[in-house]
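# how does the following fold in three dimensions:
(chains A and B)
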Amino acid sequence: DVKVTQSSRYLVKRTGEKVFLECVQDMDHENMFWYRQDPGLGLRLIYFSYDVKMKEKGDIPEGYSVSREKKERFSLILESASTNQTSMYLCASSLDQSQETQYFGPGTRLLVL
Amino acid sequence: EDQVTQSPEALRLQEGESSSLNCSYTVSGLRGLFWYRQDPGKGPEFLFTLYSAGEEKEKERLKATLTKKESFLHITAPKPEDSATYLCAVLHSGTYKYIFGTGTRLKVLA
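Residues are numbered from 1 along each chain as shown, chains lettered A, B, ... in the order given. Here you go, the predicted structure:
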């Protein structure tokens, strides 16, 4: 079974803090993704990576950055957290272009005060 | 513009009352259509991938079908444990970006 894990289930941070969310997958997947999920808006893509050290902006990259130094790990960084970044953050991975089904982690619910 | 629309937004069924959820899509060159189940406060759980019109996939009480414009998730004789939000997503040619619908919230009453 594919396993995608996220470093925290719940996080509470202060405005202006730098926040790190980590995601690890154990199935040697090429592609990794970060989404945020908000009521009524569905899943929106923040960033994705199709290879180590490669990254592409998604639909809402402003205020975020990512890092992929190893194939299994994809980190999302909130450079200076703001209250409008309070959300559910979901990490996903997919094998490669021959098998594009995404598998999701359990999610991190982030509250920025 | 690429778009995915799911209907209804919410659905209440009695246990054993079969029904269908709809996912309509407009995308230039479908590479795959995906169904997920999401429980409150958790990440989406993969259910099915469909690649071409006419394809069908089944798993327990769920059956997914695909046409050139829409997909249906049929739920036969649902049980309360089938209560969840069901998400649909599409991937089109030449991109890594998946487009998600906003989901159908299903509640099955005992």
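# show residues contacting stretch B:1-10.
B:21-28, B:86-90, B:92, B:99-107 (Cβ atoms under 8 Å, 6 or more residues apart in numbering or on different chains). Bear in mind the C-beta positions are built from the backbone N, C-alpha and C, glycine included.
# among those, which are in strands?
Taking DSSP state E, the ones among the contacts of stretch B:1-10 that sit in strands are B:21-26, B:86-90, B:92, B:99-100, B:104-107.
# now chain B against chain A: closest residue?
Chain A sits closest to B:Gly43 of chain B, with a gap of 3.8 Å, by Cβ to the nearest Cβ.
# show me the contacts for that residue.
A:4, A:90, A:104-107.
# and what of B:Lys79?
Counted by Cβ under 8 Å, 6+ apart, B:Lys79 has contacts B:15, B:61, B:108.
# most neighbours among these, which one is it?
Counting neighbours by other Cβ atoms under 10 Å in any protein chain shown, B:Val108 leads the contacts of B:Lys79 with 21 neighbours.
# which strand residues bridge that one?
Per DSSP bridges, residues listed as beta-bridge partners of B:Val108: B:Leu13.
# and B:Glu81, how many neighbours?
Neighbours of B:Glu81 (other Cβ under 10 Å): 9.
# quick one: it is in a helix?
Yes. Assessed with DSSP: H, G, I helix; E, B strand; the rest coil, B:Glu81 lies in a helix.
# ok, now which ones touch it?
B:Glu81 is in contact with B:Val108, counting by Cβ under 8 Å, 6+ apart.
# so what pLDDT did it get?
With respect to pLDDT, B:Glu81 scores 97.
# that one and B:Leu106, how far apart?
Distance of B:Glu81 to B:Leu106, given as Cβ to Cβ, to the nearest Å: 11 Å.
# which positions in chain A make contact with chain B?
Residues of chain A lying close to chain B (Cβ under 8 Å from any Cβ of the partner chain) are A:4, A:31, A:33, A:40-43, A:45, A:48, A:50, A:56, A:58-59, A:90, A:100-107, A:109.
# and the buried ones among those, selectable in ChimeraX?
Buried members of these can be picked out in ChimeraX with the line below, counting by 16 or more other Cβ atoms under 10 Å in any protein chain shown:
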select /A:4,31,33,42,43,45,48,50,58,90,100,101,102,103,104,105,107,109
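# near chain A, which residues of chain B?
B:31-32, B:34, B:36, B:41-46, B:49, B:87, B:89, B:91, B:96-98, B:100-103.
# what about burial for the residues you listed, which qualify?
Judged by 16+ other Cβ under 10 Å, buried ones among those: B:32, B:34, B:36, B:42-44, B:46, B:49, B:87, B:89, B:91, B:96, B:98, B:100-103.
# who touches the helix or strand of chain B with the lowest mean pLDDT?
The weakest-scoring helix or strand in chain B, judged by mean pLDDT, DSSP states H and E, is strand B:98-100 (a mean of 91). Applying Cβ under 8 Å, 6+ apart, the external contacts of strand B:98-100 come out as A:33, A:42-43, A:45, A:102, B:2-4, B:25, B:27, B:34, B:87-92.
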